[in-house]
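sequence first, then the predicted structure, then my questions.
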Amino acid sequence: MGAQPILVDDGKLHDFVIEIFLAAGSSQREAGLIARHLVDSNLRGHDSHGVGSIPIYIRNLRAGELLINQTLTTMLETDTFAILDGNEGFGQVMAHDAMNIGIAKAQQKGVALVGLRNSHHVGRVGHWAEQCAEAGLVSIHFVNVVSDPSVAPFGGVSARVGTNPFSVGIPRDDQRPVVLDFATSKLAVGKVRVAMNQGKPLPPGALLTAQGEPTTDPSVLFGVPKGILLPFGDHKGWGLSLACELLGAALTGGRTQSGPKRRNNTINSMLSIIISPERLGTADTLSRETEQFIGWVRSGDNSPVLLPGDLEATTTIDRKAHGVPIDQKSWSDIITAAEAVGVAPPADIAWQAA
């Protein structure tokens, strides 16, 4: 097992992340959107998509594989759909702005289809479902990953695709939205990285060695030759991964993972379908039936039945109260990345967990 994590104040962490990306050349708006997304991911318990990504982003910036202060290029647009190019800019900005475009269209016309292609890593896809839900809109998101292939198709033992996440957001009146968000592999690559840094084993059945043997050692995924993640639910996860690849990228004019690793960056394309229950005339029905259904599924079990997003909400409350845990290896890497752009952390930002 690894050493006890560092605990970090989320507000000071947010400001520290802004400082890092300002020093790297980002505008105030860009740095703010990046910081909000990364720290929110940690607060929700998704450390795989949180501030541990900073060293990778700084590396890609310095290598010219992530472009700073980009804006979306509109490739095609109508009243109800838009195809947008992210120009290899920060996905935390590209996806945010793409969702704003889709939200405005859905509010006007009832439904919008938004294709975002060629964006650097868009991060936690549930964040974009939350953005739509905050506007009272249902959303569905298919995302592909062009990077170093890490997942085998069902029936195979060679990595051919990325973790290709899928997300759905459903708003609720005066309640947290239902937010479904998962990789189509059994584990996201970032979660394996976090487990490795924490010195923790993986659950059985998620990872193979390069020779196709089962393993629980997370470091195998990052070895030479690399290990191989498996799709969740066997053929079901693989089928959904295929849909994410073709709808997220091929349909939007983006690139599919059609070969081995070519660059060190992670490029995402995302197809988002955004729906206004209000404009469809079904908002009251959606609200009523959602609450009736949730009441029903929770009525037959003495133990609490969790909805997608419930665990994230309780984790956020705990981490705001007690600090965001970051393993010592990740924290050291973040400090090194910050120092590379001339930023030092505040002296009182972190403390050792008891």
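Received, thanks.

need the contact list for the residue lying closest to residue 222 once chain neighbours are set aside.
Among residues not flanking residue 222 along the chain, residue 196 sits closest, at 6.8 Å (CB to CB, 6 or more residues apart in numbering). C-beta: built from backbone N, CA, C; applies to glycine. Shown in contact with residue 196 (CB atoms under 8 Å, 6 or more residues apart in numbering): 218-219, 221-222.

cutoff 10 Å now
2, 202, 217-222, 327, 329 (CB atoms under 10 Å, 6 or more residues apart in numbering).

closest to residue 159 out of these?
residue 221 (9.5 Å; CB to CB).

the closest one against residue 189, yeah?
Yes - taking contacts as CB atoms under 10 Å, residue 221 lies within contact range of residue 189: 7.0 Å.

shared neighbours of those two, which are they?
Among the neighbours of residue 221, those also in contact with residue 189 (CB under 10 Å, 6+ apart) are 150, 229.

neighbour count winner among the two?
residue 221 (25 against 21; other CB atoms under 10 Å).

could you find the closest non-adjacent residue to that one?
Nearest to residue 221 is residue 227, by CB to CB, 6+ apart, at 4.3 Å.

mind listing what's buried along stretch 347-354?
Neighbour counts using 16 or more other CB atoms under 10 Å place 349-350 of stretch 347-354 among the buried residues.

for stretch 193-210, that is, sorry about that
Neighbour counts over stretch 193-210 (16+ other CB under 10 Å) mark 193-198, 202, 206-210 as buried.

re the thing from before, what's the helix or strand for the residue nearest to residue 222?
helix 189-198 (DSSP states H and E).

which one of the contacts of residue 196 sits closest to residue 237?
residue 202 (16.2 Å).

helix or strand right after the helix holding residue 196?
strand 207-208.

and that next one, average pLDDT?
Across strand 207-208, pLDDT averages out at 96.

before we move on, the earlier item: quick one: buried ones out of the contacts of residue 196?
202, 218, 220-221, 327, 329.

and residue 88, what does it touch?
60, 64-67, 70, 94, 118-120, 263, 265, 267.

how about a cut-off of 6 Å?
67, 120 (CB atoms under 6 Å, 6 or more residues apart in numbering).

could you do residue 311 as well?
Applying CB under 6 Å, 6+ apart, no residues contact residue 311.

now do 7 Å
residue 45 (CB atoms under 7 Å, 6 or more residues apart in numbering).

for it, give its distance to residue 318.
Separation of residue 311 from residue 318 (CB to CB, to the nearest Å) stands at 11 Å.

find residues that contact each of those two.
Common neighbours of residue 311 and residue 318 (CB under 7 Å, 6+ apart) do not exist.

who touches stretch 205-225?
150, 157, 186-187, 189, 192, 195-196, 201-202, 204, 226-230.

show me which of those residues is closest to residue 285.
Closest to residue 285, out of all of the contacts of stretch 205-225 and judged by CB to CB, is residue 186, at 35.8 Å.
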